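Chemist: Just need the structure, nothing else, for what follows:
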Amino acid sequence: MLGILFNDKECKELDYVLRKELDEMLLDLSDSRLDGDIKQAITRRYKIIFRMYARIASPKELSRYALSARNYK
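Modeler: All right, here's what the predicted structure looks like:
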């Protein structure tokens, strides 16, 4: 187990970076040109990033991505 401390500005930046990464992966998952193996890899990575985001996001913000995560299991 690793621990890390962030100040408020760093926490906001991490929140922004994680949200943008989740948005980008959702866009990739909706791309019909990608095959199943690639989508599986993106889905696995999505779940990891989602869990990271869940540690800092409010439940309201998190619900936007949780609903999407269920669509791509």
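
Chemist: contacting residues around the residue lying closest to residue 18 once chain neighbours are set aside?
Modeler: Spatially, and ignoring its direct neighbours in sequence, residue 18 is nearest to residue 53 (4.3 Å; Cβ to Cβ, 6 or more residues apart in numbering). In short, each C-beta sits where N, CA and C put it, glycine included. By Cβ atoms under 8 Å, 6 or more residues apart in numbering, the contact set of residue 53 is 15, 18, 19, 22, 62, 65.

Chemist: Could you rerun that using 10 Å?
Modeler: Residues counted as contacts of residue 53 (Cβ atoms under 10 Å, 6 or more residues apart in numbering) are 14, 15, 17, 18, 19, 21, 22, 61, 62, 65, 66.

Chemist: Then residue 41?
Modeler: By Cβ under 10 Å, 6+ apart, the residues touching residue 41 are 28, 34.

Chemist: Any regions of this structure where pLDDT drops low?
Modeler: Applying pLDDT under 70 to the chain flags the ranges 67-73.

Chemist: Would you mark the buried spots in the top helix by length along it?
Modeler: Looking across the chain with DSSP state H, the single longest helix is helix 8-29. Buried residues in helix 8-29, counting neighbours by 16 or more other Cβ atoms under 10 Å, are found at 14, 15, 18, 19, 21, 22, 25, 26, 28, 29.

Chemist: where's the fifth one relative to residue 65, distance?
Modeler: Shown here: residue 21 relative to residue 65, a distance of 10 Å by Cβ to Cβ, to the nearest Å.

Chemist: got any residues that touch both of the two?
Modeler: 46, 49, 50, 53.

Chemist: Quick check: nearest residue in space to residue 57, chain neighbours excluded?
Modeler: Among residues not flanking residue 57 along the chain, residue 15 sits closest, at 6.8 Å (Cβ to Cβ, 6+ apart).

Chemist: oh, I was asking about residue 22
Modeler: Using Cβ to Cβ, 6+ apart, the closest residue to residue 22 is residue 65 (5.2 Å).
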